[in-house]
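# dropping the sequence and predicted coords here.
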Amino acid sequence: MPATLVALVFWTAIVAVVVAQVMILRSTTRVLRSAAPERPVREWSFAIGPALVLALVLFLSWRAAMEPRTIEVQLPALPGELRT
């Protein structure tokens, strides 16, 4: 697949993920403000933890998608041939 198409699909997915995460954090803020739960740190960790893991997955995916493909071929040495 061409690199420009990969980049376009990847950045489209990034925009969708960022919008979704912003909406999740926004709703978490609204609920925490109105309900005042006993453990707000725990509630925030359930909202921010998956976002951080998703950011790591997206970073590793980008790196894997953009690194050049390489093929390593080992050829046996012919009789009398010197290789370094």
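Nice, I can see it.
# so what does the longest helix along the chain touch, helix or strand wise?
Longest helix in the chain by number of residues, with DSSP state H as the criterion: helix 3-35. The criterion is 3 or more Cβ pairs under 8 Å, 6 or more residues apart in numbering; DSSP states H and E, and the helices and strands that helix 3-35 contacts are helix 40-66. Backbone N, C-alpha and C define where each C-beta goes, glycine included.
# buried set for the helix it packs on?
Under the neighbour-count criterion of 16 or more other Cβ atoms under 10 Å, helix 40-66 has residue 47 buried.
# please renumber so the chain begins at 283
Okay, residue one is now 283; in that scheme the one you just asked about reads as helix 322-348.
# ok and it relative to helix 285-317, angle-wise?
180 degrees (axes from the mean of the first three to the mean of the last three Cα atoms, to 10 degrees).
# ok, back up a step: avg pLDDT for the longest helix of the chain?
Averaged over helix 285-317, pLDDT sits at 86.
# any idea how far that helix is from the middle of the chain?
13 Å (Cα atoms, centre = their mean, to the nearest Å).
# mind listing what's buried in it?
Buried, per 16+ other Cβ under 10 Å, within helix 285-317: 303, 310.
# give the contact list for the spatially most central residue of the chain.
The C-alpha lying nearest the average C-alpha coordinate of the chain belongs to residue 340 (Cα atoms, centre = their mean; 0.9 Å). Counting by Cβ atoms under 8 Å, 6 or more residues apart in numbering, residue 340 makes contact with 295, 296, 299.
# as TSV, those residues with distance to residue 354 would be great.
Shown next, in TSV, are the contacts of residue 340 (distance: Cβ to Cβ, whole Å):
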residue	distance to residue 354
295	31
296	32
299	34
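# closest to residue 310 among the residues you listed?
residue 299 (16.2 Å; Cβ to Cβ).
# residue contacts, the closest one?
Contacts of residue 299 by Cβ under 8 Å, 6+ apart are 336, 340.
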